[in-house]
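Enquirer: based on what follows, work out the 3D shape:
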Amino acid sequence: MSTNTHSISTLDGGVLAGIRQSIADFLRRCGLKYMDVAIDEAYYSECCQEAINRGFPMDGKYSIREYMDIGVAMASNAYTHLPAPLAPLEKGTESLSGWVSL
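Expert: All right, here's what the predicted structure looks like:
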């Protein structure tokens, strides 16, 4: 049996700060500025409800809840150039289908 002498955390020793700096440097070279983005709470709630409707575990050992804010931030940033659904759909339909299926 071998022993693992490597750290189990990949974000120790200033790695996270180095990642942030690398991203900031890249954006600066591209002529872009990093901007903090607030999570859209209404969209987050709608995504959580859609996950529940689709049977994803939101509590317990296999919960995906801890990843929802990251997913919402990514979807919000990646797909904001697309038109939003025209209007909330009636109960029983997927109002997020245009966003979630991407």
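Enquirer: got the buried residues for stretch 40-47?
Expert: Buried residues in stretch 40-47, counted by 16 or more other CB atoms under 10 Å: 43-44, 46-47. No exception for glycine: its C-beta is placed from N, CA and C like everyone else's.
Enquirer: with stretch 64-71 instead?
Expert: Met68.
Enquirer: can you tell me what sits against it?
Expert: 39, 44, 47-48, 51, 56-59 (CB atoms under 8 Å, 6 or more residues apart in numbering).
Enquirer: got TSV for those residues, with distance to Gly31 too?
Expert: TSV is the format used below for the contacts of stretch 64-71 (distance: CB to CB, whole Å):
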residue	distance to Gly31
Ile39	26
Tyr44	31
Cys47	32
Cys48	36
Ala51	37
Phe56	39
Pro57	43
Met58	40
Asp59	44
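Enquirer: can you tell me which of the buried residues of stretch 40-47 is nearest Ala17?
Expert: Among the buried residues of stretch 40-47, Tyr44 lies closest to Ala17 (CB to CB), at 27.0 Å.
Enquirer: okay, now the residue nearest to that closest one when sequence neighbours are not counted: neighbour count?
Expert: Leaving aside its chain neighbours, Tyr44 sits nearest to Val72 (4.7 Å; criterion: CB to CB, 6 or more residues apart in numbering). For Val72, the count of nearby residues is 20 (other CB atoms under 10 Å).
Enquirer: again with Gly14
Expert: 9.
Enquirer: distance-wise, check it relative to Phe26.
Expert: 18 Å (CB to CB, to the nearest Å).
Enquirer: can you flag the buried ones in the contacts of stretch 64-71?
Expert: 44, 47-48, 51.
Enquirer: can you redo those as a markdown table with pLDDT, secondary structure and distance to Lys33?
Expert: What follows is these, written out as a markdown table (pLDDT from 0 to 100; DSSP: H, G, I helix; E, B strand; the rest coil; distance: CB to CB, whole Å):
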| residue | pLDDT | secondary structure | distance to Lys33 |
| --- | --- | --- | --- |
| Tyr44 | 93 | helix | 25 |
| Cys47 | 93 | helix | 27 |
| Cys48 | 95 | helix | 31 |
| Ala51 | 95 | helix | 33 |
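Enquirer: show me which of the residues you listed is closest to Ala78.
Expert: Using CB to CB, those come closest to Ala78 at Cys47, 13.7 Å.
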